[in-house]
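[1] sequence unavailable; structure follows:
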């Protein structure tokens, strides 16, 4: 079960007063210990860290354990573990830890994550040297999770390698499926994210606590430039943060022995992990996420509840398309409460670790709503890797269950990707985006196209005229031509 949660934001004035990621984690662990009613960090069996993007520690849990004075001088008395990369990692880590506590291999575990990416980028811009810790090459922790390759060579060759390129494509597919005009859909997104910003404004741990109106979110300005059409900056994940979060998990017996008050206890009831077909080129459609449907509903079923029975929900919200995909797959009405933090734009998007903040917030909420259930969806990659958790202050009627519906996902229909030379000729746009320069100029058009035989083909164009044209009106369903080298002709 979870007995303590902590969150810590550090707003440094410069490099000299900044904290490195493990220092942010340390502060979050101390906050979690205080939350559990402890005088300091517990004598944990395991220190488990979410993969850090903004600094290559090689063994981040070692440095965190050292700061917390756990495991002796060489940390040999405590297991050191780190997750693979992905925004699903915090919830997956809770799932693994709950399972290992249940089977007796772990008694007390500290889970933590942190990013000082704002400081990292500040140092890069100013040429400052960061004197942060690094372990030797041969000093590596246990790895929790399975790495998943998410880019085909054909995708990389077209330059399709970043979430800011792919999630806008999901958005155009969702817009077409909803039968909205571009203007109508932008207004819908503005109102969706205005509500998200209001949640952040009420969240003491959010990075941006100024509520934004729908007009502010959809209006292009110097501070809200278009990044990947149709997403201006305020619809993108905000990684420019220095944030840490931590969770203390333990057995019931350990909690009682440590004297953690009963009103601090929150039980994971069920957890699942699943992933879509790893490469977006093979997805049946850009408008659905069947692994979310199967994984989320399995977690709910194993907990004995329906989504409408859940009082507290946090859906992953790196981009608006993720929110809609998750809500559609899980049966969540977006007119109800669906975020408890304010999402990765406003609460903050510390790369792989956002969901640890979400879990901490949901735990706090459940303590105020004793007996209710909470649900967390974590997402990584291009709406690729998913983890789910169901929580309550009441213990589960049966033991915690951790399963995966992956076998059912793997047999679902998938598209065949046509090689550029085989795709030359007529095609129909299925989903698209336009990437902008930092000066606000349309630069590169990216399109997923369907051929007459149902195969998918990628088309891209660096022609500024093509990029500008595809920012005007609806292009999903429009006929285009592809050259033998994958160039998009409109």
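    Cool, got the structure. As the structure is a prediction and not an experimental result, all values here were calculated from the model.
[2] and stretch 118-136, what's buried?
    If you call a residue buried by 16 or more other C-beta atoms under 10 Å, then stretch 118-136 has these buried ones: 118-120, 122-123, 132-133, 135. Where C-beta positions appear, they are placed from N, C-alpha and C, glycine not excepted.
[3] can you tell me what sits against it?
    With contacts defined as C-beta atoms under 8 Å, 6 or more residues apart in numbering, stretch 118-136 is touched by 12, 14-15, 18-22, 54-59, 62-63, 240-242.
[4] which helices and strands sit right next to the longest strand anywhere in the chain?
    Scanning the chain for the longest strand, with DSSP state E as the assignment, gives strand 425-436. Packing partners of strand 425-436 (3 or more C-beta pairs under 8 Å, 6 or more residues apart in numbering; DSSP states H and E): helix 163-178, strand 226-229, strand 442-450, strand 456-461, strand 479-482.
[5] residue 383 and residue 319 touch, don't they?
    No. Taking contacts as C-beta atoms under 8 Å, residue 383 lies outside contact range of residue 319: 9.0 Å.
[6] gap between residue 84 and residue 189?
    In this structure, residue 84 lies at 31 Å from residue 189, with C-beta to C-beta, to the nearest Å as the measure.
[7] ok so, going back, compile the helices and strands packed on strand 425-436 into TSV and extend it with columns for mean pLDDT, distance to residue 404 and mean neighbour count.
    As requested, those are arranged in TSV below (pLDDT from 0 to 100; distance: least, C-beta to C-beta, whole Å; neighbours: other C-beta atoms under 10 Å):
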stretch	mean pLDDT	distance to residue 404	mean neighbour count
helix 163-178	98	23	22
strand 226-229	98	32	21
strand 442-450	98	28	23
strand 456-461	98	27	24
strand 479-482	98	37	17
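[8] which one of the ones you listed lies nearest to residue 251?
    Each of those was scored for nearness to residue 251 using C-beta to C-beta, and the closest is helix 163-178 (37.4 Å).
[9] tell me what that closest one is packed against?
    Helix 163-178 sits against helix 182-201, strand 226-229, strand 231-232, helix 320-330, strand 425-436, strand 442-450, with contacts defined as 3+ C-beta pairs under 8 Å, 6+ apart.
[10] out of the ones you listed, which is closest to residue 370?
    Taking C-beta to C-beta as the criterion, helix 182-201 is the member of the helices and strands packed on helix 163-178 that comes nearest to residue 370, at 21.9 Å.
[11] ok, residues contacting the closest one?
    The contact list for helix 182-201 (C-beta under 8 Å, 6+ apart) reads 171, 175, 178, 180, 206-218, 230, 234-235, 317, 320, 323, 334, 339-343, 345-347, 473-474.
[12] hmm, back to that, how about the helices and strands packed on strand 425-436 in TSV, adding distance to residue 361?
    What follows is those, written out as TSV (distance: least, C-beta to C-beta, whole Å):
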stretch	distance to residue 361
helix 163-178	23
strand 226-229	27
strand 442-450	34
strand 456-461	38
strand 479-482	44
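[13] look up how far residue 379 lies from the nearest residue to residue 141 once chain neighbours are set aside.
    If you skip the residues right next to it in sequence, residue 141 has residue 80 as its closest partner in space, 4.0 Å away by C-beta to C-beta, 6 or more residues apart in numbering. Noted for residue 80: a distance of 26 Å to residue 379, by C-beta to C-beta.
[14] how about residue 135?
    Distance, residue 135 to residue 379, using C-beta to C-beta: 29 Å.
[15] could you pull out the helices for the stretch 251-400 of the chain?
    252-258, 290-303, 320-330, 343-346, 354-368 (DSSP state H, counting those that start in this stretch).
[16] of the ones you listed, which is nearest residue 140?
    Between residue 140 and the helices of the stretch 251-400 of the chain, the shortest gap by C-beta to C-beta is with helix 354-368, which sits at 21.7 Å.
[17] for stretch 71-78, the distance to its chain's centre please.
    Relative to the mean C-alpha coordinate of its chain, stretch 71-78 is positioned 32 Å out (C-alpha atoms, centre = their mean, to the nearest Å).
[18] now do the SS call for the closest residue to residue 61 other than its chain neighbours.
    Of all residues not flanking residue 61 in the chain, residue 80 sits nearest, at 4.1 Å (C-beta to C-beta, 6+ apart). Three-state call for residue 80 (DSSP: H, G, I helix; E, B strand; the rest coil): strand.
[19] you'd agree residue 80 is up against residue 63?
    No. Proximity of residue 80 to residue 63 does not meet the contact threshold set by C-beta under 8 Å, at 9.6 Å.
[20] ok so, going back, neighbour count: residue 80 and residue 379, which is higher?
    Set residue 80 next to residue 379 and count neighbours by other C-beta atoms under 10 Å: residue 379 wins out with 27 against 24.
[21] just the buried residues of the longest strand of the chain, please?
    Across strand 425-436, burial judged by 16+ other C-beta under 10 Å covers 427, 429-436.
[22] now stretch 40-53
    Judged by neighbour count (16+ other C-beta under 10 Å), stretch 40-53 contains these buried residues: 41-42, 44-53.
[23] what about these, which are in strands?
    Using DSSP E, the buried residues of stretch 40-53 in strands are 46-49.
[24] okay if I get these as JSON lines plus pLDDT?
    Shown next, in JSON lines, are those (pLDDT from 0 to 100):
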{"residue": "46", "pLDDT": "98"}
{"residue": "47", "pLDDT": "98"}
{"residue": "48", "pLDDT": "98"}
{"residue": "49", "pLDDT": "98"}
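[25] picking up where we left off before, will you turn the buried residues of strand 425-436 into JSON lines that also has distance to residue 113 and pLDDT?
    Supplementary listing: the buried residues of strand 425-436 in JSON lines, determined by distance: C-beta to C-beta, whole Å; pLDDT from 0 to 100:
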{"residue": "427", "distance to residue 113": "42", "pLDDT": "98"}
{"residue": "429", "distance to residue 113": "38", "pLDDT": "98"}
{"residue": "430", "distance to residue 113": "36", "pLDDT": "98"}
{"residue": "431", "distance to residue 113": "32", "pLDDT": "98"}
{"residue": "432", "distance to residue 113": "34", "pLDDT": "98"}
{"residue": "433", "distance to residue 113": "29", "pLDDT": "98"}
{"residue": "434", "distance to residue 113": "33", "pLDDT": "98"}
{"residue": "435", "distance to residue 113": "29", "pLDDT": "98"}
{"residue": "436", "distance to residue 113": "31", "pLDDT": "98"}
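[26] wait, which of those is closest to residue 413?
    Within those, proximity to residue 413 (C-beta to C-beta) peaks at residue 430, which comes in at 14.8 Å.
[27] is it true that residue 274 touches residue 409?
    Yes. With contact defined as C-beta under 8 Å, residue 274 counts as touching residue 409 (5.7 Å).
[28] if we can go back for a sec, residues touching the residue nearest to residue 61, list them.
    Going by C-beta under 8 Å, 6+ apart, residue 80 touches 46-47, 59, 61-62, 65, 71, 141-142.
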